[in-house]
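Engineer: Generate coordinates for the sequence data below:
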Amino acid sequence: MKKLIKTVIVKADERGLLFHKGSYVKLLRPGTYRFAAWSGHDAVILDTAKPFSVKGKDLSVFRHDAELLKELEIVDVQDNEYVLHYEDGRFSSLLTPGAYAFWTVLRNHSFERVDIRRPELPKELSAAVPPKLAGYCMLTEIASYERGLLFFNNVFQRELAPGKYYFWKGPVSVQVKTVDLRQQQLDMTGQEIMTEDKVPLRLNFVCQYRITDPLKALEIRGFDEQVYIMLQLILREYVGTMKLDDLLRVKQEVGAYVLNRLSEKNEAFGVEFLSAGVKDIILPGEVRDILNTVLLAEKKAQANLITRREETASTRSLLNTAKLMEENSTLYRLKELEFLEKICDRVGSISLTGGGNLLEQLNSFLGARAGESKS
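Structural biologist: Next up is the predicted model:
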């Protein structure tokens with residue numbers, strides 16, 4: 001048997017919306033309601049812990065009911081803004097452009113409006129909120145050795161120090177370009193240059209620099225390439241006015257000259273050039289062979305000179321010894337004994353012929369020499 005009475009029960013944490021033939025009539029607070037089955041009345045029960053939403057009905061349908069509005073918090077979000085929604089002081093959700101309504105029966109609601117035409121998230125925003133907005137904002141991290149350059153719609157805004165920065169994904173294009181402030185090295189390898197005396201050679205050169213003005217460095221298109229070309233031109237200018245022998249002799253001075261010239265461009269490039277120097281000078285094979293021959297000849301001449309000096313010193317020493325022995329008979333006698341000792345050390349065996357005693361012969365020899373010395 002078909003029911004003649006329709007009963008609707010609204011609990012304490014619920015609210016009901018009464019409709020008559022599809023049109024909204026009024027709010028139903030907690031309680032029990034009965035309607036005749038043929039009256040055309042129907043009720044929609046809503047959980048007050050959830051946002052106000054009626055399927056198939058726009059929020060504007062309910063705005064005329066003053067009693068309903070007493071229990072609702074309505075938020076209209078414009079096209080150029082987002083709204084941060086908090087429930088009982090805790091972040092709940094982000095509201096994009098549109099109309100929203102929330103029951104105030106069980107929870108307190110608060111809202112923070114942000115203009116997304118200003119892309120940077122408010123500084124007073126809790127650090128726990130941005131990670132929950134991944135779909136609506138972008139994160140940029142600047143390392144401790146970097147600086148960031150912030151652009152809105154390709155217009156420079158300011159320099160960013162190391163840290164984390166969040167920006168809204170909205171109508172304004174946001175770009176953050178990072179610049180490395182650490183010491184950097186530029187290597188020039190196998191640079192072919194011709195000296196003043198038409199000797200082709202190759203240079204391996206290196207210089208170190210550090211960026212001091214990130215914006216200036218960023219404004220130079222192809223920064224690394226332009227620094228390389230500047231270094232190349234300075235080297236060609238210096239080496240091209242020197243002869244090979246002069247270049248090899250003052251090789252250590254090339255770095256100082258180049259560094260001095262590079263330092264003149266510090267401000268224009270927004271950098272500080274720290275050091276520069278020649279790593280290698282590579283000569284053609286035939287030139288290298290010639291230099292090796294010259295070097296060998298020089299070393300031989302030096303060796304011969306040293307030998308002559310030693311021989312002269314030895315002769316001078318012998319002459320001094322002879323003069324001393326001539327003036328001192330005792331010294332002469334000692335020298336004789338020294339040589340006799342050396343002779344005896346080298347004698348392995350002695351063969352005698354003609355008889356006679358060896359000792360007597362040696363004594364007579366030495367005695368005869370001694371007599372000559374006294375006379």
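Engineer: end-to-end on stretch 157-165?
Structural biologist: Taking C-alpha to C-alpha, to the nearest Å, the first and last residues of stretch 157-165 lie 14 Å apart.
Engineer: and it, average pLDDT?
Structural biologist: Stretch 157-165 shows an average pLDDT of 93 in the prediction.
Engineer: Any idea which helix or strand in the chain has the lowest mean pLDDT?
Structural biologist: When the helices and strands of the chain are compared on mean pLDDT, DSSP states H and E, helix 358-374 comes out lowest with a mean of 54.
Engineer: Quick one: classify L262 as helix, strand or coil.
Structural biologist: helix (DSSP: H, G, I helix; E, B strand; the rest coil).
Engineer: what's the answer for E237, then?
Structural biologist: E237 ends up helix, using three-state DSSP.
Engineer: Which pLDDT value belongs to it?
Structural biologist: pLDDT, E237: 88.
Engineer: quick one: contacts for it?
Structural biologist: Applying C-beta atoms under 8 Å, 6 or more residues apart in numbering to E237 gives no contacts. Bear in mind the C-beta positions are built from the backbone N, C-alpha and C, glycine included.
Engineer: Would you mind measuring from it to E196?
Structural biologist: 12 Å (C-beta to C-beta, to the nearest Å).
Engineer: for Q183, same thing?
Structural biologist: 34 Å.
Engineer: go on, V114?
Structural biologist: 69 Å.
Engineer: between these two, who's got more neighbours?
Structural biologist: Per other C-beta atoms under 10 Å, whichever of V114 and E196 has more neighbours is V114, with 19 against 13.
Engineer: Would you map the helices across the stretch 251-375 of the chain?
Structural biologist: Counting by DSSP state H, counting those that start in this stretch, the stretch 251-375 of the chain has helices at residues 251-263, 266-269, 285-327, 329-346, 358-374.
Engineer: Could you tell me the least trusted of these?
Structural biologist: The minimum mean pLDDT among the helices of the stretch 251-375 of the chain belongs to helix 358-374 (a mean of 54).
Engineer: Not counting sequence-adjacent ones, nearest residue to Q185?
Structural biologist: Of all residues not flanking Q185 in the chain, Q208 sits nearest, at 5.2 Å (C-beta to C-beta, 6 or more residues apart in numbering).
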